[in-house]
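Build the 3D model from these lines:
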Amino acid sequence: MPSKSCNEKIVIRKARREDCSKILDIGEEAWSKQGMSYRLKEKFGIVGSRTPGQRIRETLLGLLQKNLDNTLVAEVNGNVAGFLIYSFDDDRKIGHIGYNAVSYSFRGKGIGTRLVREALSVFKERGMRYAMVFTDLDEAHAAARRVYEKCGFKPLVKHVTYFMKL
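Numbers count the residues shown, from 1 in each chain. Got it, this is the predicted structure:
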């Protein structure tokens, strides 16, 4: 189905093994300039042996190796433009949206919204009664918050992370 803002064909589908490299690239692009590892680096100079980009690649790779079946990708004209990883809490009937991102070059085309809506459809098909997602409250996550709210999510709890130098 073509996007309203362009003539590009956007397809949301299950991820395949050959998508993993692009998913890792998009994740590194998104979280190398936001998130906890980035904040620790910027505020305190804490990097360790791996950069924020390397850390997110490791995290995403582990999730993809365990749960590739629970990963959606957005394809624009055959190119992976975004992804969303999800999980299920079958006991409480909660579908959880985890890591998700859209490549900077494809933002503003409704791709994030389409990924979230597809995940919500998967949750309903699986018998989930609720959906949950966590996001930061900083400016870097403002677009994500707009997507979640557009899809019907409401804030439940605001979060604070405490940190101190020893």
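
Asn67 contacts His96, correct?
No: in this structure, Asn67 sits apart from His96 without contact. The criterion is CB atoms under 8 Å, and the distance is 11.3 Å. For the C-beta atoms, the positions are set from N, CA and C on the backbone; glycine is no exception.

which residues in the chain form strands?
According to DSSP state E, the chain carries its strands in the segments 10-14, 71-76, 79-89, 94-102, 130-133.

The fourth one: partners in the sheet, and parallel or antiparallel?
Right, the one you point to is strand 94-102. When pairs are called by DSSP bridges, strand 94-102 turns out to pair with strand 79-89 (antiparallel), strand 130-133 (parallel).

got those as CSV, with mean pLDDT, mean neighbour count and distance to Ala144 columns?
Output for the strands paired with strand 94-102, formatted as CSV (pLDDT from 0 to 100; neighbours: other CB atoms under 10 Å; distance: least, CB to CB, whole Å):
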stretch, mean pLDDT, mean neighbour count, distance to Ala144
strand 79-89, 98, 21, 11
strand 130-133, 98, 16, 8
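
and of those, who's closest to Arg50?
Distance to Arg50, taken as CB to CB, is lowest for strand 79-89 among those, at 20.3 Å.

C-alpha coordinates for that closest one, PDB please?
Coordinates of each C-alpha in strand 79-89 appear next as PDB, following Å, rounded to 0.1, in the frame of the first residue of the first chain:
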ATOM      1  CA  ASN A  79      14.700  -2.100   1.400                       C
ATOM      2  CA  VAL A  80      14.400  -2.700   5.200                       C
ATOM      3  CA  ALA A  81      13.500   0.700   6.600                       C
ATOM      4  CA  GLY A  82      12.500  -0.100  10.200                       C
ATOM      5  CA  PHE A  83      11.800  -3.000  12.600                       C
ATOM      6  CA  LEU A  84       9.900  -3.800  15.800                       C
ATOM      7  CA  ILE A  85      10.600  -6.700  18.200                       C
ATOM      8  CA  TYR A  86       7.800  -7.900  20.400                       C
ATOM      9  CA  SER A  87       7.100 -10.500  23.100                       C
ATOM     10  CA  PHE A  88       4.100 -12.000  24.900                       C
ATOM     11  CA  ASP A  89       3.200 -12.400  28.600                       C
END
